[in-house]
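Undergrad: Model the structure of this input:
(2 chains)
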There are 2 protein chains.
Amino acid sequence: MTSTAVRGTTLAELAEIVAAAAAAAPVWRASSAAERAGWLRAAADAVDAAADELVEIADRETRLGAARLRGEVGRTTGQLRLFATVVEEGSYLELTIDGADPSATPPRPELRRMLVPVGPVAVFSASNFPFAFSVAGGDTASALAAGAPVVVKAHSGHPELSRRTAEIVAAALEEAGAPAGSLALIEGRDAGNALVQHPVIQAAGFTGSLSGGRALFDLASGRPDPIPFYGELGSVNPVVVTPTAVAARGAALAQGLVGSFTLGVGQFCTKPGVVFVPRDAGFEELVASHATSAAGGPLLTDRITAAFPEGVDRLVTDPSVSVVAGARSAAGDDLAQPVVLATDATAVAERPDVLLEECFGPVTLLVRYDGPDDLRRALEAVPGSLTATLHSEPGDDVADVLDLLQLKAGRVLFAGWPTGVAVTWSQHHGGPWPATTSLHTSVGATAIRRFLRPIVFQDAPEALLPEPLRDASLEHLPHRRNGVLTA
Amino acid sequence: MTSTAVRGTTLAELAEIVAAAAAAAPVWRASSAAERAGWLRAAADAVDAAADELVEIADRETRLGAARLRGEVGRTTGQLRLFATVVEEGSYLELTIDGADPSATPPRPELRRMLVPVGPVAVFSASNFPFAFSVAGGDTASALAAGAPVVVKAHSGHPELSRRTAEIVAAALEEAGAPAGSLALIEGRDAGNALVQHPVIQAAGFTGSLSGGRALFDLASGRPDPIPFYGELGSVNPVVVTPTAVAARGAALAQGLVGSFTLGVGQFCTKPGVVFVPRDAGFEELVASHATSAAGGPLLTDRITAAFPEGVDRLVTDPSVSVVAGARSAAGDDLAQPVVLATDATAVAERPDVLLEECFGPVTLLVRYDGPDDLRRALEAVPGSLTATLHSEPGDDVADVLDLLQLKAGRVLFAGWPTGVAVTWSQHHGGPWPATTSLHTSVGATAIRRFLRPIVFQDAPEALLPEPLRDASLEHLPHRRNGVLTA
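TA: Alright, predicted model coming up:
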């Protein structure tokens, strides 16, 4: 682990950085869709062009490996380009027009509604995706797409990468014509706390731990003028396997599960952390045999490396828990080894706070259930999650389970594994607390909505309307007029 | 003022009421658009049918007058019917489908996204609209439309009306086939505080004072699992009048202003509370002459009646403030008399906390400005508002003023007055803090979104998908497939 000394941004430096973002905000607000799409693509091109350099720094700082990191660069620049498309397509503006009706009681004025950027946005980046959920990641891409300048709080796990990415993206934006102050970086916890409370900042995006996210959420909510805080905080991602699914494809399921919970050394927010399996169906043994041959790997930071065996120990301390596979990593181990634990549904229903706490790293907990009622009681104890997965076979009666899973998660998967989050128009990456703090997504096209607010113009002269709301623009932009949607 | 003794709902009663809402939630969640639209229309029909009885109670409890109250009943049932239409139209579901792409790296699954209800909702009703922002008002209508059962906290200003409305609507819903527990009423501040913290409640809507709303917002945000709190808290609704507008139509503007700030005895959240007028243009005198002949009226509650002269006194205490028109109501007056005050833009820029505090009742503050810079400095001090109004003439250079007004408000009006909020697809009733706590509206079709959360299904078998996401439904519902919107 590289340990670059991080000098925190001082409050005086923060004031200058935020002032520059405030000065850039009117330019972004007034920018056309074509301009903004061009700026986003310029940022994407610059990151792609610097991929070799950036991947080298990232691998040194995170030990995630060049192949995975190169893929993540592609995901990141793909996100920037998707948002360019979203901006050009125009639906995100939610253009809505209601004509005047002088004969109504009371007479109805003309109303023209659209969404506009909220103003400068704070982004708190994550450790586990040094590109895709970091300086130039999804929060930044969606905020810039909305027309909001961004101040990113760097994650201390990859400071040099954060600085270099910010330099490259800020330069690319300026070169493409965006104003100075469009993207800036700050470092250090104190600066981050000050950022989320700064009067200029109008919203915040966050990906990280429950404790860190909750602290920032409380600061954002406690402001004299509270701002929306969009946090993605933690998720155990329940999986349910039915007896018939084990019978039909148990070995493949075991292999898939081990691949998913060890992917990225178990450091994905969508890692399947708790798996409900029928008792005595032979699934534990299948998982054990696959897990034993799965490779360990280095964790992201020294803190995470130290926390992993502690988290496993906490689980194993519970009298219901047994070790199905894997040596518990000892303190000081360089590599984290995959661990499979098992417990009973009744124990989970009784002690969810102990047994269902998220544990970062390559560990998953199998929960044996004895029948539908046993399963239901345990599932009811599962906290809100980003994902929930069902492995069943045609003919299984899964209505009740599926109903419960939909209450628990923002993405419900069938016959797949939750790691891997496609960046598309329909993606939803969020869920009931503590998965996220809000009803919004941090991945996919609708992530842009977090950084927009509605405004409606009443009886405005055409010349004073924003460009998208003028009749000439409406001819080629999706909109609703008098209740009728035109694509 | 009728003073019906209000017995607060006990915590044991609250527990039962909330449990009934929780039991109703799955039925609402699973209901079809046709069912839900029918339930909303049944509620509207029942309120219309009981209008005579309800208006009589409301007039006794609020002294707003039968004519105004009858109009408000129409607005309220119109809202319920608009949301029935919104549910049937289906855009609110935001159906979005991305087809699988096995050739992508990594292979992309099929994703189908829609919005689903958040679960039981708390609604805190307002004093000043005993129908439209109360038991059967916009928050309730939009929550039911979303598919969420509602528990309403009655406003103490109209307890009997609240109870009777709740009885009528709950009975109508049940008769139409909705489950028991769909709509319930609680009373008392302690019960309200407990309601917003109850684990079953998943979101809250509120219309009322800044202090009351902030207290509830803090409770909602401080929960172990924070929930969204959609509050409409306070607004001074700035108006800017240019010199050329005074010259062209000063008398009509003065008459319009007086009509607007005295409408409903100045108790609308959209009352124009601060009006920027060119110095020495003769506008003050015009306003004074209209205000002198304007009628006073009774305020809603004893508390508001007592607070009005206190609020006026606070303003008059400032050395910059003079009385342009109106006798200051003395403590004990039955009727509140219209009051027009005046100050200078420099004073407003220096002491916005004193001069721009919302004052409920028929008072407005004229702010004299000496030119564009003087006006801009004062406008920058205006807090977030529901509305901002510009009265200018063609040829006026209003670009800077308009830019500033758009930052301050959710609705920008031209050549009109902010009182009167049309209930339409495009309406936005919200604004930067403290106008509202969020980016959402409490009036108009998009108010439904406050009570919905996204969910996405990955590779789901057709038979396990919710009805709206199946291919057969998509043939007649607006949706986006692979990025392409179909109306």
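
Undergrad: Could you use CA atoms for every contact and neighbour count after this?
TA: Fine.

Undergrad: Tell me how many other residues crowd residue A:247.
TA: Residue A:247 has 13 neighbours, counted by other Cα atoms under 10 Å in any protein chain shown.

Undergrad: so which strand or helix has it?
TA: For residue A:247, the host element (DSSP states H and E) is helix A:243-262.

Undergrad: Name the spans of the stretch 1-150 of chain A whose pLDDT lies under the cut-off.
TA: Residue ranges of the stretch 1-150 of chain A with pLDDT under 70: A:1-7.

Undergrad: Show me which residues of it sit near chain B.
TA: A:96, A:97, A:98, A:108, A:109, A:111, A:112, A:113 (Cα under 8 Å from any Cα of the partner chain).

Undergrad: Over to the stretch 351-487 of chain A?
TA: For the stretch 351-487 of chain A, the residues in contact with chain B (Cα under 8 Å from any Cα) are A:406, A:409-416, A:422, A:424-428, A:433-434, A:437-440, A:452-461, A:482-483, A:485-487.

Undergrad: Which residue is the nearest non-sequential neighbour of residue A:422?
TA: In space, and not counting its chain neighbours, residue A:422 is closest to residue B:108: 6.4 Å by Cα to Cα, 6 or more residues apart in numbering or on different chains.

Undergrad: List the buried residues in the helix holding residue A:247.
TA: For helix A:243-262, burial by neighbour count (16 or more other Cα atoms under 10 Å in any protein chain shown) applies to A:243-246, A:250-251, A:253-262.

Undergrad: how far is that helix from where the chain is centred?
TA: Centre-to-centre, helix A:243-262 and its host chain are 26 Å apart (Cα atoms, centre = their mean, to the nearest Å).

Undergrad: Domain map for chain A?
TA: For chain A, automatic domain parsing gives the domain ranges A:11-233+A:437-481, A:238-414.

Undergrad: okay, the ones you listed in TSV with distance to residue B:470 next?
TA: Formatted as TSV, the domains of chain A follow (distance: least, Cα to Cα, whole Å):
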stretch	distance to residue B:470
domain A:11-233+A:437-481	21
domain A:238-414	15
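
Undergrad: Any idea which of these gets closest to residue B:18?
TA: Closest to residue B:18 of the domains of chain A is domain A:238-414 (Cα to Cα; 17.7 Å).

Undergrad: can you give me the end-to-end distance of that closest one?
TA: 12 Å (Cα to Cα, to the nearest Å).

Undergrad: For residue A:431, which non-adjacent residue is spatially closest?
TA: residue A:410 (4.2 Å).

Undergrad: Equivalent analysis for residue A:314, please.
TA: Closest residue to residue A:314 apart from its sequence neighbours, by Cα to Cα, 6+ apart: residue A:354 at 7.9 Å.

Undergrad: hmm, back to that, could you tell me which ones among the buried residues of helix A:243-262 also sit near chain B?
TA: Counting by Cα under 8 Å from any Cα, no member of the buried residues of helix A:243-262 reaches chain B.

Undergrad: what's the single longest helix in chain A?
TA: Ordering each helix of chain A by length in residues (DSSP state H) puts helix A:66-89 first.

Undergrad: ok, then the element right after that helix?
TA: Downstream of helix A:66-89 (by DSSP H and E), the next one is strand A:96-98.

Undergrad: For that next one, which strands pair with it and how are they oriented?
TA: Strand pairing for strand A:96-98, determined by DSSP bridges: strand A:111-117 (antiparallel), strand A:479-481 (parallel).

Undergrad: For that strand, which outside residues touch it?
TA: With Cα atoms under 8 Å, 6 or more residues apart in numbering or on different chains as the test, strand A:96-98 has contacts from A:110-114, A:479-483, B:424-426.

Undergrad: Show me which residues of that strand are buried.
TA: So, applying 16+ other Cα under 10 Å, buried residues of strand A:96-98: A:96, A:97, A:98.

Undergrad: do stretch A:135-154 as well
TA: Applying 16+ other Cα under 10 Å to stretch A:135-154 flags A:135-154 as buried.

Undergrad: Report the backbone C-alpha coordinates of it in CSV.
TA: Extracted in CSV, the C-alpha atoms of stretch A:135-154 (Å, rounded to 0.1, in the frame of the first residue of the first chain):
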residue,chain,number,x,y,z
VAL,A,135,-13.3,12.0,-9.1
ALA,A,136,-14.7,11.5,-12.6
GLY,A,137,-17.3,8.9,-11.6
GLY,A,138,-21.0,8.6,-11.8
ASP,A,139,-21.9,11.3,-9.2
THR,A,140,-19.6,13.8,-11.0
ALA,A,141,-20.8,12.9,-14.4
SER,A,142,-24.5,13.2,-13.5
ALA,A,143,-23.9,16.5,-11.7
LEU,A,144,-22.0,18.0,-14.6
ALA,A,145,-24.7,16.7,-17.0
ALA,A,146,-27.3,18.4,-14.9
GLY,A,147,-25.3,21.7,-15.2
ALA,A,148,-23.8,21.8,-11.8
PRO,A,149,-20.1,22.4,-11.0
VAL,A,150,-18.6,19.8,-8.8
VAL,A,151,-16.2,19.8,-5.8
VAL,A,152,-14.9,16.3,-5.1
LYS,A,153,-13.7,15.2,-1.7
ALA,A,154,-10.8,12.7,-2.6
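
Undergrad: so what's the closest residue to chain B within the stretch 151-300 of chain A up against?
TA: Closest approach of the stretch 151-300 of chain A to chain B (Cα to the nearest Cα) occurs at residue A:225, with a separation of 5.8 Å. By Cα under 8 Å, 6+ apart, the residues touching residue A:225 are A:199, B:433, B:434.

Undergrad: Next, it: phi, psi?
TA: As for residue A:225, its main-chain torsions (degrees, to the nearest 10) stand at phi -120, psi 90.

Undergrad: again, but for residue A:277
TA: Taking degrees, to the nearest 10 as the convention, residue A:277 sits at phi -130, psi 140.
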